[in-house]
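In: here is my input; please provide its structure:
(one chain, ligands or ions: 1)
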Amino acid sequence: MSVLQVPVQGAEQQLEPVFAVKGLWKIFGPRAGKIIGRPEADLRGAELMARTGCVAAVRDVSFDVRPGEVFVVMGLSGSGKSTLIRCLTRLVEPTAGQILLHGEDIREAGAGELRELRRHRFSMVFQHFGLLPHRRVLDNVAYGLEVRGEKKAQRRARAQQMVDLVGLAGREQLYPDQLSGGMQQRVGLARALAVDPEILFFDEPFSALDPLIRRDMQNEVIRLHREVGKTMVFITHDLSEALKLGDRILVMRDGEIVQIGRPDEVVGAPADDYVRDFVRDVPRSDVLTLRWIARPATPDDPLDGPVLAADVVIRDAVRAVLGADRPIRVQAGDEVLGVVGAPEILAVIAAERAGEG
Ligand SMILES: Nc1ncnc2c1ncn2[C@@H]1O[C@H](COP(=O)(O)OP(=O)(O)OP(=O)(O)O)[C@@H](O)[C@H]1O
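Out: Residues are numbered from 1 along each chain as shown. You can find the predicted model right below:
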């Protein structure tokens, strides 16, 4: 398969979505609700502002979030990420569209239902941690349980489990200002997980952290996701963070969706020049999988070589492919997609060296 072809999607697409967002708009400004459906809605940026005094932060956005996935929303500053994630939890009221949570539109939820959603089913992790400074670590972690009226012994036991889970054992009695930024964000993670939410929302949670700590925290999210298996919606402006964490990535620009796809799709088949520019410096072998370079077997190919899964990242297959004396068979489930030999691997590596990818 050529690197320009989009691979066949996996079976995960069949799952019922947790969130189905349909035609969502958020316009800030006077008489925002009157703009959609009128010619002014086609105006962008400064022109829209000049004519209507409004900003379209989210513009006719539709997507699904599937159970158990890490769904990343990525875009530059001002692209509408925060507004979008806040619409999903109704911290910001959308101007139009539907936000179906298991089929029910949360735009129709009353104040009581919203409170229930926020206490029991949603949790948020923020960039600036949002910890209570006068409370010790354990009580910060237990806070959400306290708000929903759980007994002290019960909430402390649960909070202790979460403190252990995020690697803060021994620091339960410290105050937030006695912790480093990375540790404070671990408290934020533990607090978010303590209420056992169905969905975790992350709004640029690691942007304020040093690069090394940031990398640790990204690994921590990957580990926690593996252990607790929650659906996560994660906002970032950082491409490498998006590629590392996302099962799928929604690329946003000026309030609109530019592309939704798995990391390998965003890198291997960028939707337009904007995304292509974004991913230009990403080493292809770190992200693309064998299905992107598998080619049909020819009559000369021996077909008794080793088998590797189509979703193995190229970098992880280099040794196996170069060490084999015959082409690797690339398999998705029971289906053989094609073969990969040294020439296919070396072509990717050579292109990276030449600065093409
Ligand atoms: N309360 C508001 N009133 C008016 N305009 C707003 C408001 N909140 C956001 N905007 C505008 O909406 C657009 C999208 O902002 P938003 O904060 O959602 O983007 P972002 O991608 O999250 O950027 P950042 O990472 O800088 O927060 C921007 O043009 C912003 O100025």
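
In: would you mind measuring from V312 to the ligand?
Out: V312 sits 34 Å away from the ligand, going by C-beta to the nearest ligand atom, to the nearest Å. (Glycine included, C-beta is placed from N, CA and C.)

In: ok, that residue touching L290?
Out: Yes. Counting by C-beta atoms under 8 Å, V312 touches L290, with 5.2 Å between them.

In: looking at the two, which one has more neighbours?
Out: More crowded of V312 and L290, by other C-beta atoms under 10 Å: L290, with 29 against 17.

In: so what's that one up against?
Out: By C-beta atoms under 8 Å, 6 or more residues apart in numbering, the contact set of L290 is L308, A309, A310, D311, V312, I314, A317, I328, V330, V340.

In: and the fourth one, that one's in a helix?
Out: It stands for D311. No. Secondary structure of D311 (DSSP: H, G, I helix; E, B strand; the rest coil): coil, not part of a helix.

In: that one contacts L288, correct?
Out: No. At 10.7 Å, D311 does not count as touching L288 under the criterion of C-beta under 8 Å.

In: have a look at the two and say which one is more surrounded.
Out: L288 (24 against 14).

In: what's the neighbour count on G112?
Out: Number of residues near G112 (other C-beta under 10 Å) recorded here: 8.

In: that one is in what secondary structure piece?
Out: Following DSSP states H and E, one finds G112 within helix 111-116.

In: after that helix, which helix or strand is next? Please name it.
Out: Following helix 111-116 in sequence order, the next helix or strand is strand 122-126 (DSSP H and E).

In: partner strands of that next one, with direction?
Out: Applying DSSP bridges, strand 122-126 is found paired with strand 199-203 (parallel).

In: buried sites along the partner strand?
Out: Of the residues in strand 199-203, I199, L200, F201, F202, D203 count as buried by neighbour count, 16 or more other C-beta atoms under 10 Å.

In: looking at those residues, which one is closest to the ligand?
Out: D203 (8.0 Å; C-beta to the nearest ligand atom).

In: and the closest one, what does it touch?
Out: By C-beta under 8 Å, 6+ apart, the contact set of D203 is K81, S82, I85, M124, V125, F126, Q127, I235.

In: who's it bridged to?
Out: D203 forms beta bridges with F126, I235, as assigned by DSSP bridges.

In: in the stretch 151-300 of the chain, what residue lies closest to the ligand?
Out: For the stretch 151-300 of the chain, C-beta to the nearest ligand atom, closest residue to the ligand: H237, 5.6 Å.

In: follow-up on the earlier one: in JSON lines: the buried residues of strand 199-203, plus distance to the ligand and pLDDT.
Out: Shown next, in JSON lines, are those (distance: C-beta to the nearest ligand atom, whole Å; pLDDT from 0 to 100):
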{"residue": "I199", "distance to the ligand": "19", "pLDDT": "96"}
{"residue": "L200", "distance to the ligand": "18", "pLDDT": "96"}
{"residue": "F201", "distance to the ligand": "13", "pLDDT": "96"}
{"residue": "F202", "distance to the ligand": "13", "pLDDT": "95"}
{"residue": "D203", "distance to the ligand": "8", "pLDDT": "93"}
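
In: quick one: these as TSV, columns for distance to V21 too.
Out: Output for the buried residues of strand 199-203, formatted as TSV (distance: C-beta to C-beta, whole Å):
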residue	distance to V21
I199	13
L200	17
F201	13
F202	17
D203	17
